[in-house]
Structures are given as C-alpha cells and as structure tokens.
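K.L.:
When you get a sec, could you give me coordinates for this:
(one chain, ligands or ions: 1)
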Amino acid sequence: LTEPIHENEPFLPKMPRFDYTPPPYSGPSAEQILKKRKQYLNPAIFHFFKNPLNLVDGKMQYLFDEKGRRYLDAFGGIATVCVGHCHPHVVDAIVNQTKSLQHSTILYLNPAIADFAEALAAKFPGELKVVFFTNSGTEANELALLMARLYTGCHDVISIRNGYHGNAAGTMGATAQSSYKFNVVQTGVHHVQNPDQYRGVFGSDGLKYAKDVDEAITYGTSGHVAAFIAEAIQGVGGVMELAPGYLEAVYGFIRKAGGLCIADEVQSGFARTGNHFWGFEAHGVVPDIVTMAKGIGNGIPLGAVVTTPEIAKVLAYRSYFNTFGGNPVCTAAGLAVLQVIEKENLQQNALNVGSYLQHRLSSLKDKYEIIGDVRGRGLMLGVELVTDRQLKTPAKVETLHVMEKMKEMGVLIGKGGFFGNVFRITPPLCFTKEDADFLVDVMDYTLSKM
Ligand code: PLP
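P.N.:
Below you'll find the predicted structure:
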C-alpha cells in the first residue's frame, strides 16, 4: 500500500507519481505507540488531528505511515524540513560526520563548525558576520535578547502582538499570544499593534502601525529600549506578512531610542519566501541581530544567532557557552542544507511553485465564501477560514474538519493564527507544481463536501 486512502476512487484527485517504496515496517502499531505516548510523553494536547499518524519513513516532500501509505507533507514538519525529508546529501553529511566525530565543544577547533559558520555568514549583508550556534529557535532568541540587553544596558523590549518567539523565560515574554503564555514573570516586554493586513485596525498602512511603536517607547519606557523583535511573516500567528513600510519605519524609531533590531527568521529564513533568502530583505532593512532555527538543519536540532562583531563583543569576556549548540553533526547538516538550496535552485523553486500555489489557492477563494484570505510569500502561505466574510468570524471547527479530511486524502497541512483558523502551508522547498495542484484539488474537493 504505497498510495493514499481512496486513491482508487476515480473521482478523487490523484497524488503525483513518486518512485519510492518504503521498506516494510514491522514495528509497533499506531495504537501501541499512542498508548506509550499517553503514558510516557508530554501530555500537552495539540488539537491538530483526531488520530495522529504513526510516521515511519520520509522521502523529500512525502511521508509514509506504518502501513506504507504516502502523504504529501505540505507543513514540512512545521516549516522545518527545508530541502526534503532525508535528502541524500544531508543524510550523507550527517552520517559521515557521525562516523568521524560526534561532538566537539567550544574548547577545541573543528572544521565542520567553522565551515558552516563561514558559509552562513556569507548569506548576510554588511557587518552581520559573527555566528553563535544554539539548539533551537527559543535559545537563539533568548541569546539575541540577552545580547541586546547587555549591549544597550536597557531592559525594555518591544514585540508585536500575535508574534511567536519561543517558550523560555525571556522569549515567552516576547511571544504575544495568550495560548503560549503562562502565568510566570516575564518582565520588560511591550506588545505593540499587529500590522496585520487582514484583521488589523489600520489595514495595510504600515506607517500608522509603526507609530504605535513610537508611542510604546514614549509612554511605556524611559525613552531608551534594548530591542525590537519581529518575524517578517508571522508563522504561528497565522502566516501574516507585516504591512508594507512598517519595518523600515519601526527600525528608525528603535534606533533613535538606542535599541537594536532583531529579525526572527526561524520560519521565514532559508529561502522559504522565494524572492529573498531572508524574510527581512523584502522590507528593505538590515537588522542588527538575526535569529534562525527550523529549516537551518532540515530538522536536525540547530539554531543560530548572527550579529555584527561590535555587538558580539558583549559576550567576549563573559562565560557564555552552549554545550550542544553548534555540534559538528548539526553544523555538517547545516552546511549540506545550504549546498542543496544552491545546487537545486530551491529559492527559485520556492518562488515559482509558491506563486503558482498562491494563485491557485486564490481562485479557491473566489469559489468558496468560507475562505476569507489567502496570503504569504513563496512557500510560506496561509489560508484563513471565516464563517462570515464581512465580520471575519473565525471558522475554527471547519478548519480542523478540512485538515482531517485532507489528511485522509493524503495531504498534511498545519494550522495557526490567534483563533486557530488559518491553514499553514510550509512544505519542503522541493515541492513541485504537481504537488501544488494535488494539494489545491484535495482542498477544493474537501471544501465542496462541506
Ligand atoms: N521563532 C519563531 C518565529 C518560531 O516560529 C518558533 C517556533 O515555532 C520559535 C521562534 C521557537 O523555536 P523552537 O521551537 O525551535 O524553540
């Protein structure tokens, strides 16, 4: 069984051909694993799928369950599988590094770490040339906030409502969605208006939203701030691209107040948006600190902070270190990811296939009232469902229903947004036009049955 459920019913969309058969699986069943998960793993309930899949194999943009059923992975392990599941070049890099040296600390030199730092720095403009490795996006943002606070001598940080920056003490403060915040001390963060072009009070007028940052500095701080942190396209927040003109104006206000500008590229970086390698580049700004994770290692735990030599100096004479951050196995994967993006022209593919997919999704919007908005860039796209277009009433239940039905037909997508009513489409960047067609046809079919 290498085809999705219902594949033999002629009226249903056909999944593109893919010449790969996963090896036979003889491990425990989904029911057995679910039992263990309930007993031994994180009890947090994620309202994504009624019956989580037992995924046992992955190749490029496809995943396979225990029965050999194939699924198109249009969520990319939460925008993490950048160049494709188990891409052979990345696998080779990991295996080779694992065989020669699995761990090296900051005390010693190691070529895999230095080579990747050099290649990563080359992806940045100007003075952004010093790399710190971490294990996750949360750690990268914690470090960025720490550096900004040390560099400026200020504590106040500004972040945008509905943004997501992590779940440790500092980053949870910067994260601005109640479902990801807990009742613990998170000091010194001011959350400003979201320049949300669909639901925001000023529509697409970036300068009006930027004024709110200026006012937050004036009324909420001493007039001096440590940093402003933002995603170029809010991922968890529902694939929301910042209104045009916003970031440039805000960077002006923040720098006037002595603060540093942090670009959180955990989701929007690494060629995902197609027209640029980094999301911030579309806004004509150069940040002081850039953070990244997810796609950087194609799913291997790796994050990074890139900044200028001058800002990096704040840690020069302090005992800052991260035991596993920049482990040679992870950095070998990172270098391989960069090589694949270039060799296979994946940034261009993200632009071409992403534009095509967005166009096709937009035509679904003309067909179905329930689609309130289609947005994003490259292969970072969002589809917002509403039960009333005028009132923009979030269609939360319907979102889950469509996701479940699409899963049954072999397509995996994610969801997000403050109300949980936005489909998130962030596949591996090797996604093809045929994959895009299949996804849209399946969504079309599912919506037509509601
Ligand atoms: N920043 C952004 C934009 C994210 O989307 C995430 C995770 O979803 C994080 C930071 C935190 O990354 P991690 O889950 O690797 O700690």
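K.L.:
going forward, measure contacts between C-alpha atoms and count neighbours the same way
P.N.:
Fine.
K.L.:
Based on its surroundings, how many neighbours for Ser448?
P.N.:
Close neighbours of Ser448, defined as other Cα atoms under 10 Å, add up to 10.
K.L.:
Now the residue in the stretch 251-400 of the chain that the ligand sits nearest to. Nearest residue, chain neighbours left out?
P.N.:
Here the stretch 251-400 of the chain gets closest to the ligand at one residue, Val266, 4.7 Å apart by Cα to the nearest ligand atom. Spatial nearest neighbour of Val266, excluding adjacent residues (Cα to Cα, 6 or more residues apart in numbering): Met292 at 4.1 Å.
K.L.:
just to revisit the earlier point, Provide the secondary structure category for the residue of the stretch 251-400 of the chain closest to the ligand.
P.N.:
The three-state assignment at Val266 reads coil, by DSSP: H, G, I helix; E, B strand; the rest coil.
K.L.:
Roughly how far does it sit from Gly235?
P.N.:
Distance of Val266 to Gly235, given as Cα to Cα, to the nearest Å: 9 Å.
K.L.:
Now for Phe324: which residues touch it?
P.N.:
Phe324 makes contacts with 103, 105, 134-135, as judged by Cα atoms under 8 Å, 6 or more residues apart in numbering.
K.L.:
my guess is the residue of the stretch 251-400 of the chain closest to the ligand meets Lys294, correct?
P.N.:
Yes. The pair Val266 / Lys294 is scored as a contact, 5.9 Å apart, by Cα atoms under 8 Å.
K.L.:
Spatially central residue for this protein, please.
P.N.:
Central residue of the chain (Cα atoms, centre = their mean): Gln267, 2.5 Å from the mean position.
K.L.:
returning to that earlier point: show me what the residue nearest to Val266 bridges to in the sheet.
P.N.:
Beta bridges link Met292 to Ala304 when assigned by DSSP bridges.
K.L.:
Kindly report the same for Tyr62.
P.N.:
Tyr62 forms beta bridges with Lys59, Leu72, as assigned by DSSP bridges.
K.L.:
Closest to the ligand out of the contacts of Phe324?
P.N.:
Asn135 (7.4 Å).
K.L.:
Am I right that the closest one is in contact with Val305?
P.N.:
No. Under the criterion of Cα under 8 Å, Asn135 makes no contact with Val305, lying 10.8 Å away.
K.L.:
Neighbour count: the two, which is higher?
P.N.:
Val305 (27 against 21).
K.L.:
In which helix or strand does the nearest residue to Thr187 once chain neighbours are set aside reside?
P.N.:
Of all residues not flanking Thr187 in the chain, Gly173 sits nearest, at 6.8 Å (Cα to Cα, 6+ apart). Counting by DSSP states H and E, the element that carries Gly173 is helix 169-174.
K.L.:
and the longest helix for the chain?
P.N.:
With secondary structure taken from DSSP state H, the chain has its longest helix at helix 346-367.
K.L.:
and that helix, which residues are buried?
P.N.:
The neighbour-count criterion (16 or more other Cα atoms under 10 Å) identifies 346-358, 360-362, 364-365 as the buried residues of helix 346-367.
K.L.:
For the helix or strand harbouring Ala114, which helices and strands make contact with it?
P.N.:
Applying DSSP H and E as the criterion places Ala114 in helix 111-121. Applying 3 or more Cα pairs under 8 Å, 6 or more residues apart in numbering; DSSP states H and E, one finds that helix 111-121 makes contact with strand 130-134, helix 328-343.
K.L.:
Show me which residues of this structure sit near the ligand.
P.N.:
Of all the residues in the chain, those in contact range of the ligand (Cα under 6 Å from any ligand atom) are 136-138, 164-166, 231, 235-236, 264, 266-267, 293.
K.L.:
quick one: strands adjacent to the one helix or strand Val386 maps to?
P.N.:
In the assignment (DSSP H and E), Val386 maps to strand 380-388. Looking at strand 380-388 with DSSP bridges, its partner strands are strand 371-377 (antiparallel), strand 393-394 (antiparallel), strand 422-425 (antiparallel).
K.L.:
What segments of this protein are helices?
P.N.:
Listed from the start of the chain, the chain has helices (DSSP H) covering 30-40, 76-79, 88-100, 111-121, 137-152, 169-174, 206-220, 246-256, 309-312, 328-343, 346-367, 396-408, 433-448.
K.L.:
Convert the longest one to PDB, retaining C-alpha atoms only.
P.N.:
Once non-C-alpha atoms are left out, helix 346-367 reads as follows in PDB (Å, rounded to 0.1, in the frame of the first residue of the first chain):
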ATOM      1  CA  LEU A 346      15.400  25.800  -4.300                       C
ATOM      2  CA  GLN A 347      15.000  29.500  -3.600                       C
ATOM      3  CA  GLN A 348      13.800  30.000  -7.200                       C
ATOM      4  CA  ASN A 349      11.600  26.900  -6.900                       C
ATOM      5  CA  ALA A 350      10.000  28.300  -3.700                       C
ATOM      6  CA  LEU A 351       9.300  31.500  -5.700                       C
ATOM      7  CA  ASN A 352       7.900  29.700  -8.800                       C
ATOM      8  CA  VAL A 353       5.900  27.000  -7.100                       C
ATOM      9  CA  GLY A 354       4.800  29.300  -4.300                       C
ATOM     10  CA  SER A 355       3.500  31.900  -6.700                       C
ATOM     11  CA  TYR A 356       1.600  29.200  -8.700                       C
ATOM     12  CA  LEU A 357       0.200  27.700  -5.500                       C
ATOM     13  CA  GLN A 358      -0.900  31.100  -4.100                       C
ATOM     14  CA  HIS A 359      -2.600  31.800  -7.400                       C
ATOM     15  CA  ARG A 360      -4.500  28.500  -7.400                       C
ATOM     16  CA  LEU A 361      -5.500  29.000  -3.700                       C
ATOM     17  CA  SER A 362      -6.700  32.500  -4.500                       C
ATOM     18  CA  SER A 363      -9.000  31.000  -7.200                       C
ATOM     19  CA  LEU A 364     -10.500  28.800  -4.500                       C
ATOM     20  CA  LYS A 365     -11.300  31.900  -2.600                       C
ATOM     21  CA  ASP A 366     -13.500  33.000  -5.500                       C
ATOM     22  CA  LYS A 367     -15.300  29.700  -5.300                       C
END
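K.L.:
Show me what it is packed against.
P.N.:
Judged by 3+ Cα pairs under 8 Å, 6+ apart, the packing partners of helix 346-367 are strand 371-377, strand 380-388, helix 433-448.
K.L.:
Pick the most deeply packed of these.
P.N.:
Highest mean neighbour count of the helices and strands packed on helix 346-367: strand 380-388, a mean of 24 (counted as mean count of other Cα atoms under 10 Å).
K.L.:
How many residues are close by Ala30?
P.N.:
A count of neighbours around Ala30, defined by other Cα under 10 Å, yields 17.
K.L.:
got it, and Lys449?
P.N.:
A total of 8 residues lie near Lys449 under the criterion other Cα under 10 Å.
K.L.:
Look at it and report its pLDDT.
P.N.:
Reported pLDDT at Lys449 in the predicted model: 91.
K.L.:
what separates it from the ligand, distance-wise?
P.N.:
Separation of Lys449 from the ligand (Cα to the nearest ligand atom, to the nearest Å) stands at 32 Å.
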